[in-house]
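Colleague: Any chance you could fold what I've pasted below:
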Amino acid sequence: MEAQAQGLLETEPLQGRDEDAVASADFSSMLSEQEKEELKAELIQLEDEITTLRQVLSAKERHLVEIKQKLGMNLMNELKQNFSKSWHDMQTTTAYKKTQETLSHAGQKATAAFSNVGTAISKKFGDMRNSPTFKSFEERVETTVTSLKTKVGGTNHGGGSFEEVLSSTAQASAQSSGGGARRAEEEELRC
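Modeller: Numbering: from 1, shown residues only. Predicted structure coming up:
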């Protein structure tokens, strides 16, 4: 008898199959006619209250929309405000702050690394320009330009800086190619 009593007094919550059994059970046969009438009246009253609450909620929502319109608030402004609030809330989270700090630190390290690389490259170019090989190359270019200028008919024999020599070579080259074009035109006119 104790085993049967213990089965009736289970303290475990209902499981899915137990809930299905309770839902499919017909309790109406256990109720008296007076209890049935009371439950039907209560059901009608609850349905009426729910309908009234829905009507009140709908009226309040309309009133809310009217107030927002009078204040100049519209859906777009609300979306902006919600987005701003959400963005602010996200920025105040610990995970966001840690991520921001980590990325900031990584950015600072990357900036320093790029700065160091740029400095190293500048130093290497400076070293290369001062190297004997580059000096020798520069001298050869100057010698070649000077000889070209002499052949073309340039009057400046003083040498000059590397940039001046390149500039004068470009001018001399432009003059000599222009002269060649004039001679070709003259020959065509003779024929």
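
Colleague: Next up, the contacts around residue 28.
Modeller: Residues near residue 28 by C-beta atoms under 8 Å, 6 or more residues apart in numbering: residue 36. C-beta coordinates here come from the backbone N, C-alpha and C atoms, glycine included.

Colleague: can you map out the helices along the chain?
Modeller: Assigned helices in the chain, in chain order: 2-8, 16-24, 33-70, 75-91, 94-129, 132-152, 162-190 (criterion: DSSP state H).

Colleague: now the ones you listed in a markdown table, with mean pLDDT?
Modeller: Listed next are the helices of the chain as a markdown table, based on pLDDT from 0 to 100:
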| stretch | mean pLDDT |
| --- | --- |
| helix 2-8 | 50 |
| helix 16-24 | 61 |
| helix 33-70 | 93 |
| helix 75-91 | 83 |
| helix 94-129 | 85 |
| helix 132-152 | 82 |
| helix 162-190 | 62 |
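
Colleague: Return the most buried member of the ones you listed.
Modeller: Stretch with highest mean neighbour count among these: helix 132-152 (a mean of 13; mean count of other C-beta atoms under 10 Å).

Colleague: Show me what that helix is packed up against.
Modeller: Helices and strands touching helix 132-152, by 3 or more C-beta pairs under 8 Å, 6 or more residues apart in numbering; DSSP states H and E, are helix 162-190.

Colleague: got a list of contacts for stretch 116-128?
Modeller: In contact with stretch 116-128 (C-beta under 8 Å, 6+ apart) are residues residue 134.

Colleague: C-alpha coordinates for that stretch, PDB please?
Modeller: Output in PDB follows, covering the C-alpha atoms of stretch 116-128 (Å, rounded to 0.1, in the frame of the first residue of the first chain):
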ATOM      1  CA  ASN A 116      61.000  52.300 -38.000                       C
ATOM      2  CA  VAL A 117      60.800  50.800 -41.500                       C
ATOM      3  CA  GLY A 118      60.600  54.200 -43.100                       C
ATOM      4  CA  THR A 119      63.500  55.500 -41.100                       C
ATOM      5  CA  ALA A 120      65.600  52.400 -42.000                       C
ATOM      6  CA  ILE A 121      64.800  52.800 -45.700                       C
ATOM      7  CA  SER A 122      65.700  56.500 -45.600                       C
ATOM      8  CA  LYS A 123      69.000  55.700 -43.900                       C
ATOM      9  CA  LYS A 124      69.800  53.000 -46.500                       C
ATOM     10  CA  PHE A 125      69.100  55.400 -49.400                       C
ATOM     11  CA  GLY A 126      71.300  58.000 -47.700                       C
ATOM     12  CA  ASP A 127      74.000  55.400 -47.200                       C
ATOM     13  CA  MET A 128      73.700  54.200 -50.700                       C
END
